[in-house]
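Student: Using only what follows, build the 3D model:
(chains A, B, C and D, ligands or ions: 2)
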Amino acid sequence: MSVYLDHNATTPVREEVLETMLPYLRTFFGNPSSVHSVGRQVRQAIEEARATVASGLGVRARDIYFTSGGTEANVMVLMGATGTKQAEQRRRIVISSVEHPSVLHSAKELEKRGFEVISLPVDERGVVSLDHARQAIDDRTLLVSVMLANNETGVIQPVAEISSMARAHGAWMHSDLVQALGKIPVDVKGLGLDMATVSSHKIYGPKAVGAVYVRGGIRLRPLLYGGHQEHRVRPGTENPAGIIGFARAMELVLSDMDQGVMDRVEELRDMLEQEILKRIPHIRINGGGASRVPNTLNVTFGFVEGEGLALMLDAQAIAVSTGSACSSGTLEPSHVLIAMGMPHELAHGSIRFSLGRMNTSEEIMETAQKVARVVEQLRSMSPLYEDFTKSGMDFGSYLVKVGSDDEKSAMEE
Amino acid sequence: MSVYLDHNATTPVREEVLETMLPYLRTFFGNPSSVHSVGRQVRQAIEEARATVASGLGVRARDIYFTSGGTEANVMVLMGATGTKQAEQRRRIVISSVEHPSVLHSAKELEKRGFEVISLPVDERGVVSLDHARQAIDDRTLLVSVMLANNETGVIQPVAEISSMARAHGAWMHSDLVQALGKIPVDVKGLGLDMATVSSHKIYGPKAVGAVYVRGGIRLRPLLYGGHQEHRVRPGTENPAGIIGFARAMELVLSDMDQGVMDRVEELRDMLEQEILKRIPHIRINGGGASRVPNTLNVTFGFVEGEGLALMLDAQAIAVSTGSACSSGTLEPSHVLIAMGMPHELAHGSIRFSLGRMNTSEEIMETAQKVARVVEQLRSMSPLYEDFTKSGMDFGSYLVKVGSDDEKSAMEE
Amino acid sequence: MAGFDYSPKVMDYFMNPRNMGELEDADGVGTVGNPTCGDVMRLYLKIEDGTIVDARFKTFGCAAAIATSSMVTEMVVGRTISEALEISNKAVAEALDGLPPVKMHCSVLAEEALVAAIEDYHERSDGRDK
Amino acid sequence: MAGFDYSPKVMDYFMNPRNMGELEDADGVGTVGNPTCGDVMRLYLKIEDGTIVDARFKTFGCAAAIATSSMVTEMVVGRTISEALEISNKAVAEALDGLPPVKMHCSVLAEEALVAAIEDYHERSDGRDK
Ligand SMILES: Cc1ncc(COP(=O)(O)O)c(C=O)c1O
Ligand SMILES: Cc1ncc(COP(=O)(O)O)c(C=O)c1O
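Tutor: Ligands and ions are numbered 1, 2, ... in the order given. Model prediction:
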């Protein structure tokens, strides 16, 4: 069995969750919209699941709409908000530069459709700039969307502060809670959110289920048209097994947190960080200076490239990621690390370790050892490392040099 | 156990299908976008499923995109086609008046956005008028969307004929195959389709999975934005268990059809029709004059209202539907029956029986008996029936009278 | 339909309707609703000395329509005409432990049927008085 | 990355790269690529009488970059310079049983590294001749 350290990409479905799903794949198969009891009993289970998810987020059940995942929920918010009456007057959307691609690319599309999109910068720790937020959010602002925890670095954003700026200007506030849920307490009301996104497969629930919270009174233009499901906000035959599994996963992950599971995960994460720092020179902990969710560790290993590193580790049964799984398939380095001011060369050499409830300290020690060995091996292959050692520079000055090279090459483009 | 006769609303997941899904809910839980082998093995299974679905439809694997169901697939086609370059010149959309709500309501939304939508009428059998199609489809037509089999009546549409009209004018042809797949042979190439929709939960697969076929070369504007999944045509973390179950269900339903399962279902459907006709006066078989898929029987029972009938049957463990499950939640009578020229009063009294592979002749006989008893009971409660019996009219003249009443009340509106 | 759930009481009055049928010697009959809309209710009242002594109904309509008309027949018996006229649609719905929002119009229809039957009674007695 | 799968041969040349390392007494060294783009290849050639007799590489880059540079070192040894210059990027990719489309640029880089190393050799020998 491999050591799985990619829980921010996805988590295994818990056995207890699967058990609540199976009856809805076997016995209770009716269409929840049907008039007969075969369907009605499924409808009832969905409504109970809605109540569970709502209570986990501290909101009203009727403000929760189930979706096919976090991506759809995010797109619903961005596209939906811009299809409202409010959007006729308010033409500005404010997001952060480290949002998930589903927010970033929706915003890009909205720019094409005539909205003004402002993408808030982050500092070198990965924290969204409150000064820039203050400048960007004005009375023409329709929607502000800032995630609570970043998927690549785990950095926690000052959502409550930004939310009060939005409120002061009558703008709607949305937050992508996908990576925060189950890792830190999430209080939708306390954060002052009008809308929020959650996803099941990041909290040990099934894939392709999520939910969007939309405060009563806000009527988003729907993405989908069809039957009356989810009050026409999200038509299409529901996914009862998925929804019921999601609700159970939510209950369990929140009670785990109450019972200190995340404290243990944090100890392991810190241990991994320390062990890597101890063993491997010329590295940087990304987001290390900010508050982070307890399970995430993002490290840049100088002079090596991330994909090679991840594949070598995979061959040794360690599963990690080079950034968000969703932006893989591209050759671009992580937009999150670039936004943090990291030169491209270094961004290419970054690895995300994201821990989960079942990881053990043995696994962590094994990982640190293997990472050290593989980094050494790849550095022995790296012409950049050869040049660096021959130069006699220290890593600090190297970083400065690479940074200025990067700026130059950006200017040449 | 109840007699389930609502297979057009949804079908139970076959045990063989569930078995192929379970490993992807238990063991192979990786994110298919991940670089490591935990994810890569899931990616591979999805690509195999894509090949299976494609070969079932006789198309290339790379032209199949998985969705969260038939609704999303239909909306993707309508909204997506109208976001292309072609749509700048071609502003007309042609649909039929008996499409699923996901097509109808998307078209309504497109009308709001400035497209011209022509909804083709059907004759009293429920068959789309080829004359009207010929008039409607012209060189300004962007997209024609006509379903292959109707969900409420089972009536099969002349898609191939309409498709050649579309081709002659350079318009794209889409067909919603959701209710045809597994019931009659479906040949995407033979039908001349550029795009097609299928859904898993109508063929004994899991809910909330579907696929859209989009011929290579057509680049729809996506509904969702985000990661690179499904070639960015449909981003969001995939539903591996759902997709794999869908593919298996497709294989099985097609091999069932080869082995004559649908012939047996057709015999049962015809038996139900005969038994009901034999036992109950004053009824009409909707779509009876047209070719229908073998499992569907839609009957109007004069003087009774459908919801009450369906609920009474449900109390006696017979599960049927009053129309499409998706348009329930409304008080409107079926748009399909109204399009067939049925007066509202009669449309309110219609029931859809949709059979499946596990129904038996005992169940059919039991159903016919119970329907007869319940119809009699409801008629004894019905003031309309009281008036009818006192009038001494025959049902034929009553239908004529109700029809003209209906036109009058429509004119008053 | 569906998308909502009926209360057990609605289901009971639908499955086992009280006072279903015709009253041959009714003193007032009211028919309201429109088959085009899917609901027609007919209420039969027997009235003695200004008091409703018997009531029956016939309904073409959904479960809620049948249950509300049945309920209204139960509620009116024993009341005087003016007391009966005070029965509101909300009272009928409440007596059934509530109705789904999309079905509230059924209780309105039941109230209207009652009013129509009483009007019919008044018309008939006016006619007889003349 | 991912979204594609490497051939077993690419994985083999990545995990067990042939000819990895420096050639201290190289006659030609070529470095191509840009760390900003995530790929840098360096090729070392030992050339005797116009024939490549040894080759080594160092690469900063993804699995495909490492595999293609390793493969090119194997392909050039024993060839004359002009034969080596005929090795196309496609030939390198084919020798690895193909590359995913998004990774084809790695084979281009490998070809460029070879050309750069040979140019370096020519420059050095020109210098020596002068
Ligand atoms: C922060 C964040 N938002 C949104 C998503 C998208 O959710 P899903 O994978 O359910 O589409 C993800 C996961 O990839 C995420 O990490
Ligand atoms: C003809 C037709 N098209 C589309 C759909 C929608 O598919 P889904 O239920 O997967 O959203 C249905 C099912 O309700 C249908 O019958």
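Student: Mean confidence (pLDDT) on the longest helix belonging to chain C, please.
Tutor: Looking across chain C with DSSP state H, the single longest helix is helix C:104-129. Taken as a whole, helix C:104-129 has an average pLDDT of 90.
Student: Now that helix: buried residues?
Tutor: C:104-118, C:120-121 (16 or more other CB atoms under 10 Å in any protein chain shown). Placement of C-beta: from N, CA and C, glycine included.
Student: Of all the helices and strands in chain A, which has the lowest average confidence?
Tutor: Counting by mean pLDDT, DSSP states H and E, chain A has its least confident helix or strand at helix A:395-412, which shows a mean of 85.
Student: which of the residues in that helix are buried?
Tutor: By neighbour count on 16+ other CB under 10 Å, the buried set for helix A:395-412 is A:398-399, A:402, A:405-406, A:409.
Student: Mind putting those into TSV with distance to residue A:28?
Tutor: As requested, these are arranged in TSV below (distance: CB to CB, whole Å):
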residue	distance to residue A:28
A:398	61
A:399	58
A:402	58
A:405	61
A:406	57
A:409	59
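Student: can you give me the helices in chain C?
Tutor: Going by DSSP H, chain C shows helices at C:8-15, C:63-76, C:81-85, C:89-95, C:104-129.
Student: Next, format those as CSV and append distance to residue B:20.
Tutor: Listed next are the helices of chain C as CSV, based on distance: least, CB to CB, whole Å:
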stretch, distance to residue B:20
helix C:8-15, 39
helix C:63-76, 40
helix C:81-85, 64
helix C:89-95, 49
helix C:104-129, 47
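Student: Distance of residue A:61 relative to residue A:228?
Tutor: Going from residue A:61 to residue A:228 by CB to CB, to the nearest Å gives 17 Å.
Student: Compare these two and say which is more crowded by neighbours.
Tutor: residue A:228 (17 against 14; other CB atoms under 10 Å in any protein chain shown).
Student: ok, that one touching residue A:33?
Tutor: Yes: under the criterion of CB atoms under 8 Å, residue A:228 makes contact with residue A:33 at 7.3 Å.
Student: quick one, what contacts residue 77?
Tutor: Picking chain A for this. By CB atoms under 8 Å, 6 or more residues apart in numbering or on different chains, the contact set of residue A:77 is A:143, A:145, A:174, A:195, A:197, A:212, A:214, A:220.
Student: hm, I was asking about chain C
Tutor: Listed by CB under 8 Å, 6+ apart, the contact partners of residue C:77 are C:52-55.
Student: Tell me the helices and strands packed up against the least confident helix or strand in chain C by mean pLDDT.
Tutor: Taking mean pLDDT, DSSP H and E as the measure, chain C has helix C:104-129 as its least confident helix or strand, at a mean of 90. Packed against helix C:104-129, as judged by 3 or more CB pairs under 8 Å, 6 or more residues apart in numbering or on different chains; DSSP states H and E, are the following elements: strand C:28-34, strand C:39-48, helix C:63-76, helix C:81-85, helix C:89-95.
Student: quick one, which of those is nearest to chain A?
Tutor: Between chain A and the helices and strands packed on helix C:104-129, the tightest spacing by CB to the nearest CB is seen for helix C:63-76, at 9.4 Å.
Student: packing partners for the closest one?
Tutor: Using 3+ CB pairs under 8 Å, 6+ apart, helix C:63-76 is in contact with helix B:306-315, helix C:8-15, strand C:39-48, strand C:51-60, helix C:89-95, helix C:104-129.
Student: Go through that helix and flag the buried ones.
Tutor: C:63-73, C:75-76.
Student: wait, residue A:367 sits on residue A:3?
Tutor: Yes: look at residue A:367 against residue A:3 with CB under 8 Å: they come within range, at 5.7 Å.
Student: Show residues contacting the least confident helix or strand of chain A.
Tutor: A:281-282, A:284, A:302, A:341, A:343-346, A:388, A:391, A:393, D:34-36.
Student: Need the buried ones from those residues selected in PyMOL.
Tutor: Remark: buried members of these, expressed as a PyMOL selection using 16+ other CB under 10 Å:
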select buried, (chain A and resi 282+284+302+343+344+345+346+388) or (chain D and resi 35+36)
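Student: Give me the subset of the contacts of helix A:395-412 that lies in strands.
Tutor: Using DSSP state E, the subset of the contacts of helix A:395-412 located in strands is A:284, D:34.
Student: Outline the domain layout of chain A.
Tutor: Partitioning chain A according to automatic domain parsing yields domains covering residues A:15-256, A:260-412.
Student: distance between the ends of the first one?
Tutor: Taking CA to CA, to the nearest Å, domain A:15-256 runs 15 Å from one end to the other.
Student: Out of the helices and strands packed on helix C:63-76, which gets nearest to residue A:256?
Tutor: helix C:8-15 (37.6 Å; CB to CB).
Student: Please tell me how far the spatially closest residue to residue C:53 that is not a sequence neighbour sits from residue C:25.
Tutor: The shortest distance from residue C:53 to any non-neighbouring residue, by CB to CB, 6 or more residues apart in numbering or on different chains, is to residue C:46 (5.2 Å). Going from residue C:46 to residue C:25 by CB to CB gives 7 Å.
Student: Comparing those two, which residue is more hemmed in?
Tutor: residue C:46 (18 against 8).
Student: Could you give me the buried positions within stretch C:73-89?
Tutor: C:73, C:75-76, C:79, C:81, C:84, C:87, C:89.
Student: right, and out of those, which lies closest to residue B:276?
Tutor: Distances from residue B:276 to the buried residues of stretch C:73-89, taken by CB to CB, are shortest for residue C:73, at 32.1 Å.
Student: Residue C:42 is in contact with the closest one, correct?
Tutor: No: assessed by CB under 8 Å, residue C:73 is found out of contact with residue C:42, at 11.1 Å.
Student: shared neighbours of the two, which are they?
Tutor: residue C:57.
Student: that older thread, ok, the residue nearest to residue C:53 - contacts?
Tutor: Contacts of residue C:46 (CB under 8 Å, 6+ apart): C:23, C:25-27, C:52-55.
Student: returning to that earlier point: mind checking the domains of chain A for the one nearest to residue B:125?
Tutor: Among the domains of chain A, domain A:15-256 sits nearest to residue B:125 (CB to CB), with 25.2 Å.
Student: Closest to the centroid, which residue in chain A?
Tutor: The centroid of chain A falls nearest to residue A:151 when counting by CA atoms, centre = their mean (3.5 Å).
Student: quick one: that one and residue A:314, what's the gap?
Tutor: Distance from residue A:151 to residue A:314, by CB to CB: 20 Å.
Student: Same question for residue A:333.
Tutor: Residue A:333 is 19 Å from residue A:314, by CB to CB.
Student: For residue C:49, give me phi and psi.
Tutor: Backbone dihedrals for residue C:49, given as degrees, to the nearest 10, come out at phi 50, psi 40.
Student: Oops, could you answer that again for residue A:172 instead?
Tutor: Dihedral angles (degrees, to the nearest 10) for residue A:172: phi -80, psi 150.
Student: repeat for residue A:146
Tutor: Backbone torsions of residue A:146, given as degrees, to the nearest 10, read phi -130, psi 130.
Student: How many residues are close by it?
Tutor: With other CB under 10 Å as criterion, residue A:146 counts 24.
Student: got a list of what it touches?
Tutor: Here residue A:146 is in contact with A:95-96, A:99, A:120, A:128, A:133, A:157, A:159, A:162, A:174-175 (CB under 8 Å, 6+ apart).
Student: same deal with residue A:48?
Tutor: Contacts of residue A:48 (CB under 8 Å, 6+ apart): residue A:247.
Student: Quickly find the element holding it.
Tutor: Following DSSP states H and E, one finds residue A:48 within helix A:37-57.
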